[in-house]
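>>> Structure, please.
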Amino acid sequence: MSPVEAPWRWVGLGAGLAVAGAGVAVGVAGDRVRARRRRAGDLFDREGLALLGSVRGEEYELHTDDGVRLHVEVDEPSPRAADEEPGLTVVLVHGYGLSSQSWHFQRLALRGRYRVVTYDQRGHGRSEPGPPGSARIPRLGRDLEEVLHAHAPEGPVVLVGHSMGGMTVMSLAKRRPDLFGTRVHGVGFVATSAGDLATLDFGLPGGGAVSRVAPNLLAVLARRPELVTRGRRMVSDIETLVVRRWSFASPVPSELTRFVAGIIASTSIEVVSDYLPGFSEVDEKDALGALADLPTLVLVGDSDRMTPPRHSEEIVRALPRAEHVVVRQAGHLVMLEHPDVVTGHLLDLVTRALRAARAAAPAEPAHGRRRGARGRRRGPLADAADAVGRLVRPLEGRGA
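Residues are numbered from 1 along each chain as shown. Have a look, this model is predicted:
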C-alpha cells in the first residue's frame with residue numbers, strides 16, 4: 001500500500017485523533033503491550049478520576065484584537081494562600097487538539113494553593129476558531145499576551161505549556177522578551193519542541209512522508225466533515241486504541257482514555273486542518289535566549305511519539321540551566337499519564353520561580369519598614385507609647 005493510499009484506510013478516525021498529529025491521520029501500526037504493568041490505583045487518585053471533565057473555575061470571555069472569543073477559567077487561591085503568596089499566577093497552556101481540561105490533575109493539585117489561569121486556545125474547547133490563516137504559533141503567542149494582560153496584569157507569573165502550548169510560550173518570549181524576568185519568573189515546557197517538526201515520522205513507516213501527506217488529507221476531510229462524523233461513530237473502539245497508542249506508553253484507566261478521546265473529538269476537522277501546515281514552519285529556537293536566567297523545567301516522556309525526547313534535549317542545549325526530566329514509560333500526554341510526577345516538578349518550579357521573583361523585587365526602603373495599621377510611618381510619640389505599655393502591662397498583672 002502506497003503512502004498516499006494508506007491514509008484512506010483510516011479516514012474514519014478523522015480529526016478526533018488530532019492529538020496524535022499527522023501520525024494518527026495517516027495510519028495505525030500494531031499496538032505493543034509493555035511488559036512492566038502497573039495497577040491503575042497506584043498511579044491515579046480515584047477521586048481525581050471521578051472528577052474528570054467536571055473541574056471548572058470562574059469563567060470569562062476574552063475577545064482578542066482580531067475578534068476571536070477565547071474561553072478563560074480562573075481558579076482563585078484560598079484566602080490564606082493569597083496572603084502568603086500575593087499576586088502569583090500560574091498559567092497553563094494546552095496543546096494541539098486538546099483543551100484546558102487536559103491539565104485536570106494539575107489544576108486539582110494547584111487550586112487553593114496558587115492562582116491558576118487556564119484557557120482554550122483558538123478553535124479548541126469552548127473557544128472560537130479564528131479567521132483563515134490565524135491558526136499559527138505567532139498568533140497564539142499574541143493570544144497568550146492578551147490573556148496575561150486581562151487575567152494576570154500584575155504580580156509574578158509562571159507559564160507552563162504542553163506541546164503546542166510550549167510553542168505558544170516560546171512565541172510570546174520572541175514577541176515580548178521584556179516580560180521574562182520582570183513578570184514571568186518561571187517557565188515549564190512539557191512534551192514540546194522548538195522546531196524541526198517536519199521531520200517527525202510519529203513512529204510510523206514512511207518517515208517524513210507522514211508530515212507531507214497529512215495536511216493534504218486533512219484539507220480534503222475538512223471539505224467533507226460528514227465523512228469524519230460518520231466514521232467516528234463506526235470506529236470508536238479503534239479510536240480509543242489509537243488514543244492510547246499515541247498519547248500514552250503505559251497502562252492507564254479506561255476512564256482516562258475515554259476522557260482524552262472526548263476532548264480530541266470536540267476539535268473540528270476544520271480546525272485540525274487549519275493548524276497542521278503551520279507546524280512545519282515552527283522555529284522558536286531564537287526565543288529561548290530570553291529564558292536563559294529563569295527557573296525552567298523541560299519535561300518529556302521517554303516514549304513520546306509526537307515530540308520525542310530529542311526535541312527536549314535541543315531545548316536543554318539552549319537552556320543548560322534548565323531542569324531536564326525524562327519520565328519513564330510515558331507518552332505525549334505525560335501530565336495525564338503520570339500526574340503525580342509532573343505535578344511534583346511543577347510545584348518545585350513554582351517554588352523556584354517565587355524565589356527568583358523575590359530576588360528580582362526592588363529592596364524596600366528602610367524608612368518604610370515600620371508602618372502602622374494604615375501604612376503610615378510611626379512617629380516618636382507612638383514609640384514612646386509602646387515603651388510605656390511594656391512597663392505598665394507587668395504591673396497590671398500583679399493588681400487584683
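
>>> got the residue ranges for the helices in the stretch 151-300 of the chain?
Counting by DSSP state H, counting those that start in this stretch, the stretch 151-300 of the chain has helices at residues 164-175, 209-223, 225-234, 236-247, 254-265, 269-279.

>>> can you tell me which of the ones you listed the model trusts least?
Note on the helices of the stretch 151-300 of the chain: helix 209-223 shows the lowest mean pLDDT, a mean of 47.

>>> got the contact list for the residue nearest to R352 when sequence neighbours are not counted?
In space, and not counting its chain neighbours, R352 is closest to P295: 3.8 Å by Cβ to Cβ, 6 or more residues apart in numbering. In this view, the C-beta of every residue, glycine as well, is placed from N, C-alpha and C. By Cβ atoms under 8 Å, 6 or more residues apart in numbering, the contact list for P295 reads 185-187, 323, 349, 352-353, 355-356.

>>> burial of E58, as a residue count?
10 (other Cβ atoms under 10 Å).

>>> same question, P153
The number of residues packed near P153 is 10, by other Cβ under 10 Å.

>>> From R111, how far out is it?
21 Å (Cβ to Cβ, to the nearest Å).

>>> What of Y96?
With Cβ to Cβ as the criterion, Y96 and R111 are 25 Å apart.

>>> Neighbour count for the two, which is higher?
A side-by-side neighbour count of Y96 and R111, using other Cβ under 10 Å, places Y96 first with 25 against 18.

>>> pLDDT of stretch 72-88, averaged?
Across stretch 72-88, the average pLDDT comes to 84.

>>> Give the buried residues for it.
72-75, 77, 81, 85, 88 (16 or more other Cβ atoms under 10 Å).

>>> for stretch 97-116, same thing?
In stretch 97-116, counting by 16+ other Cβ under 10 Å, buried: 97-111, 113-116.

>>> Report the rounded mean pLDDT for that stretch.
In the prediction, stretch 97-116 has an average pLDDT of 95.

>>> Skip ahead from the host helix or strand of D83 and say which helix or strand is next.
Following DSSP states H and E, the helix or strand that holds D83 is helix 79-84. Sequence-wise, the next helix or strand downstream of helix 79-84 (DSSP H and E) is strand 89-93.

>>> After that next one, which helix or strand is next? Please name it.
Following strand 89-93 toward the C-terminus (DSSP H and E): helix 104-110.

>>> Run through the neighbouring helices and strands of that next one.
Applying 3 or more Cβ pairs under 8 Å, 6 or more residues apart in numbering; DSSP states H and E, we find helix 104-110 packed against helix 46-50, strand 89-93, strand 115-119, helix 334-337, helix 339-360.
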